[in-house]
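A.B. asks: this one's structure only:
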């Protein structure tokens, strides 16, 4: 159980574990900032997926990145090379002699790494809650509590010397991470999401926008791709929004990973004049692009949370996940949803959905464009 004496202790070597995904890592950035404020001279390392480390690695509060390539280590049981690489990484973590490990991931693999570190203090979330928050007025679809986050999973809590209590479920992931504050005596100021964007990424975006003829006009960034099948909003909706923004005088750029090029190309085919940048940007490049945007429209949580961290207006289409738990932090009006009673369900595959993907198909382009107009008007009013 949490030990009040930890709040008065000093730690010299700290490891933060939250390897992926992009949105989850952005949620954890305020914890990094608070750890640095609490322990200004400590070595603070972060165990990260190498692709995300490319964005986070330059954060001024971070000492080092410990690369953790989940896809490579997943083959450890059938590949001697992968097994040797994993063993080497675990050995390096142990040699670092961390005295504090904070595991915000809360799954078996992260808990094993926390335990293997040999740190005397290992903090992570408590076991899952079996019931939703009793005092909440909301009652979500039961599937949300089955498939969504309710606590550390896969027995991970057994590896921790100190557990973060879970007093409620009906809170945002950022606020959930901030439950760490009283355990370590971290400050109770507002979360600091500031992310570094490298000068090299800024230069690449300047050149890309110049070549694409996107300078001299306000920029809108649309991100049609996302990892979960059930989080995909329809191509026609993105195309309708792109056409509406083009008529408003915006330069419209489509962004996404190489795996998302098909959806971006489908949107571009319906919207002459938009620029398809999918597969041509690193994560740092995407951050530099979003930082230039007057509006970002997405169904992808990573780009949505990047926009929030960079202080840019965003509109996001939500279906199978819950915006109170993982939506754009502090921006409820940035979310567009249908009234589907089965949402949120946290199901990832379309074949698991018995309702014809209604939570996303019922959201129209007009609904999203109306919200875009509202968010732009609010942004303009705040700037005046």
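C.D. replies: Happy to help now that I have it. Here the structure is a predicted model, which is why all the values come from computation and not from measurement.

A.B. asks: What are the buried residues along stretch 50-69?
C.D. replies: Neighbour-count burial for stretch 50-69 flags 52-57, 59, 61-62, 65-69 (criterion: 16 or more other C-beta atoms under 10 Å). (Each C-beta comes from the backbone N, C-alpha and C, glycine too.)

A.B. asks: Minimum pLDDT in those, which residue is that?
C.D. replies: Lowest in pLDDT among the buried residues of stretch 50-69 is residue 69, which has 78.

A.B. asks: Please name the residues that touch the closest residue to that one other than its chain neighbours.
C.D. replies: Using C-beta to C-beta, 6 or more residues apart in numbering and skipping residues adjacent in sequence, the residue nearest residue 69 is residue 50, 5.7 Å away. By C-beta atoms under 8 Å, 6 or more residues apart in numbering, the contact list for residue 50 reads 67-69.

A.B. asks: Please apply the same query to residue 103.
C.D. replies: Neighbours of residue 103 in contact, by C-beta under 8 Å, 6+ apart: 17-18, 110-111, 113-114, 122-124, 156, 159-160.

A.B. asks: List the ones among these that fall in helices.
C.D. replies: Using DSSP state H, the members of the contacts of residue 103 that fall within helices are 110-111, 113-114.

A.B. asks: Identify, from those residues, the entry nearest to residue 38.
C.D. replies: Of all the ones in helices among the contacts of residue 103, residue 38 sits closest to residue 114, with 19.3 Å by C-beta to C-beta.

A.B. asks: From residue 36, how far out is that closest one?
C.D. replies: Using C-beta to C-beta, to the nearest Å, we find residue 114 at a distance of 20 Å from residue 36.

A.B. asks: Looking at the two, which one has more neighbours?
C.D. replies: residue 114 (27 against 19; other C-beta atoms under 10 Å).

A.B. asks: Residue 246 - how many residues pack around it?
C.D. replies: 17.

A.B. asks: Give me the secondary structure label for it.
C.D. replies: helix (DSSP: H, G, I helix; E, B strand; the rest coil).

A.B. asks: so who does it touch?
C.D. replies: 252, 271, 273-274.

A.B. asks: Over to residue 14?
C.D. replies: Counting by C-beta under 8 Å, 6+ apart, residue 14 has contacts 35, 39, 42-45, 98-102.

A.B. asks: how about it, secondary structure?
C.D. replies: Applying three-state DSSP: residue 14 is strand.

A.B. asks: same check, this time on residue 230
C.D. replies: helix.

A.B. asks: give me the number of residues near it?
C.D. replies: 22.

A.B. asks: do the same with residue 35
C.D. replies: 23.

A.B. asks: cool, residue 153 as well?
C.D. replies: The burial count for residue 153: 17, using other C-beta under 10 Å.

A.B. asks: repeat for the one 4 residues further on
C.D. replies: Using other C-beta under 10 Å, residue 157 has 19 neighbouring residues.

A.B. asks: distance of the residue nearest to it when sequence neighbours are not counted from residue 371?
C.D. replies: Nearest non-adjacent residue to residue 157, counting by C-beta to C-beta, 6+ apart: residue 127, 4.8 Å away. Distance of residue 127 to residue 371, given as C-beta to C-beta: 38 Å.

A.B. asks: coming back round to it: restricted to strands, list the contacts of residue 246.
C.D. replies: residue 252 (DSSP state E).

A.B. asks: Tell me the predicted confidence for residue 214.
C.D. replies: For residue 214, the pLDDT comes out at 94.

A.B. asks: For it, list the residues it contacts.
C.D. replies: 251, 253, 275.

A.B. asks: possible to save those as a markdown table with pLDDT, distance to residue 304 and neighbour count?
C.D. replies: Putting those into a markdown table (pLDDT from 0 to 100; distance: C-beta to C-beta, whole Å; neighbours: other C-beta atoms under 10 Å) gives the following:
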| residue | pLDDT | distance to residue 304 | neighbour count |
| --- | --- | --- | --- |
| 251 | 97 | 20 | 23 |
| 253 | 98 | 16 | 28 |
| 275 | 96 | 21 | 19 |
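
A.B. asks: and which of those is nearest residue 350?
C.D. replies: Among the contacts of residue 214, and counting by C-beta to C-beta, the member closest to residue 350 is residue 253, at 27.5 Å.

A.B. asks: Make sure the closest one is actually in contact with residue 275.
C.D. replies: Yes. If you go by C-beta atoms under 8 Å, residue 253 and residue 275 touch, sitting 4.9 Å apart.

A.B. asks: on that earlier part again, out of residue 127 and residue 371, which sits in the busier spot?
C.D. replies: Taking other C-beta under 10 Å, residue 127 and residue 371 do not tie; residue 371 has more neighbours (20 against 16).
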